[in-house]
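Student: Okay, structure incoming, though there's no sequence with it:
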């Protein structure tokens, strides 16, 4: 009696096809992952600006509507109201890159519009504040002459653009 032996297993074509599909899936994940992480860091930056906005509202309530008047007063404001006497962090989600420090730096600016783009070596942790101004129609502009009790905060986003909040 002749019995035909039937081979069990996958053909080389099937194996190559499965590996190609798996490779495409991994490629899509590795391409999408950095964009997802960048968007999450930008969301954290926007949340940090909202936190700063809440802190400035609290500060003005405790100081008869006045804003910090000097660079040193802004530093004290961050220590006392934003980081709650140094017990909380106020750092950029990217951390420190090169010579940049991880903690946000408040910098006075009346430049409108802000030009340029996000740079991890020059402006990733800088929050620009403009006293007497509110946010313009686009995030990169401010409108001055809003009164001494108004302040606009702007910062570059890693995914592109600039975000702005004001009290």
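Tutor: Received, thanks. This one's a predicted model, so the numbers in the text were calculated from it and none came from an experiment.
Student: Check which helices and strands the lengthiest helix in the chain sits against.
Tutor: What stands out as the longest helix in the chain, according to DSSP state H, is helix 12-62. Helices and strands touching helix 12-62, by 3 or more Cβ pairs under 8 Å, 6 or more residues apart in numbering; DSSP states H and E, are helix 71-77, strand 151-156, strand 162-166. Where you see a C-beta, it was placed from the backbone N, CA and C, and this is true even at glycine.
Student: buried sites along the first one?
Tutor: What that stands for is helix 71-77. By 16 or more other Cβ atoms under 10 Å, the buried positions in helix 71-77 come out as 74, 77.
Student: go on, stretch 18-35?
Tutor: Of all the residues in stretch 18-35, not one is buried under the rule 16+ other Cβ under 10 Å.
Student: do stretch 39-48 as well
Tutor: Neighbour-count burial for stretch 39-48, counted by 16+ other Cβ under 10 Å, picks out 41, 42, 45, 48.
Student: Serialize these to JSON lines and add fields for distance to residue 77 and pLDDT.
Tutor: Formatted as JSON lines, the buried residues of stretch 39-48 follow (distance: Cβ to Cβ, whole Å; pLDDT from 0 to 100):
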{"residue": "41", "distance to residue 77": "24", "pLDDT": "92"}
{"residue": "42", "distance to residue 77": "24", "pLDDT": "93"}
{"residue": "45", "distance to residue 77": "19", "pLDDT": "92"}
{"residue": "48", "distance to residue 77": "15", "pLDDT": "92"}
